[in-house]
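Trainee: Structure for the following, please:
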Amino acid sequence: KFSCPTLLILGGLCYSVRVWLYTLFENPWMMLTVEPMHGVTHAFLRIALVHYSKQLATPGLETTAQSVAGVARSLGQISGMVIGGLVMERYGSAVLYRGAAVVVLSTVVLLGLVETICHPKKRGDADGGEVPRENK
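Mentor: This next block holds a predicted model:
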C-alpha cells in the first residue's frame, strides 16, 4: 500500500523526469518513449486527490469535497496554460518544461521534508494515510 504523500511524491517525480526528458529529444517521436509516464503521473495524483478529499471531508460531503478539489485542479490547469503559454512564447519550450520540472521537483522535495519532519513513522507502524485496496 502507498500513502497519499508517497503517491504525490512518486507522481511528481515521474512528471519532473518526463518533462525534463522532453527537452532533451531532438526527434519528436522519441517523446513517445516517455509518454507512458504521463499515465503513472495522472493515476497517482488523481488517487491521492480523491483519497485526501475523502479524508478531509465532513461525513456526508465526500462527493462535494471531491468536486471542490476538481474545480481547484481545473483552475490550476487554466492558470498553468495561460502562464505556460506566456513563458513558451517569450522563452521557448525548453525553458518552460525545465522550469516546470524544477518547480514540481522542488515541491516534491518540500513535501518529503514536511512528511519526514512532521509525521515521522516508526518502523512497523501502519500509515494512517494509506490508500485502501478493494478486495475482489
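Trainee: only C-alpha atoms for contact and neighbour calcs from this point on.
Mentor: Will do.
Trainee: Could you point out the longest helix of this structure?
Mentor: Longest helix in the chain, counting residues (DSSP state H): helix 62-91.
Trainee: same for that helix, what does it pack against?
Mentor: The contact analysis (3 or more Cα pairs under 8 Å, 6 or more residues apart in numbering; DSSP states H and E) places helix 62-91 against helix 36-56, helix 93-118.
Trainee: need these in TSV with mean pLDDT and distance to residue 16, can you?
Mentor: Formatted as TSV, the helices and strands packed on helix 62-91 follow (pLDDT from 0 to 100; distance: least, Cα to Cα, whole Å):
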stretch	mean pLDDT	distance to residue 16
helix 36-56	91	10
helix 93-118	94	4
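Trainee: between those helices, which gets nearest to residue 19?
Mentor: Within the helices and strands packed on helix 62-91, the stretch nearest residue 19 is helix 93-118; the backing value is 5.6 Å (Cα to Cα).
Trainee: What are the buried residues along that closest one?
Mentor: 93-101, 104-105, 107-108, 111-112 (16 or more other Cα atoms under 10 Å).
Trainee: Same question for stretch 51-60.
Mentor: Using 16+ other Cα under 10 Å as the test for burial, stretch 51-60 gives 51-54.
Trainee: In CSV, list the C-alpha atoms belonging to that stretch.
Mentor: The C-alpha trace of stretch 51-60 is given here as CSV (Å, rounded to 0.1, in the frame of the first residue of the first chain):
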residue,chain,number,x,y,z
HIS,A,51,-8.4,10.0,-1.1
TYR,A,52,-7.3,13.3,0.5
SER,A,53,-10.7,14.8,-0.4
LYS,A,54,-12.5,11.9,1.4
GLN,A,55,-10.2,12.1,4.4
LEU,A,56,-10.7,15.9,4.9
ALA,A,57,-14.5,16.0,4.1
THR,A,58,-17.2,16.2,6.7
PRO,A,59,-19.1,12.9,6.7
GLY,A,60,-21.8,13.0,4.0
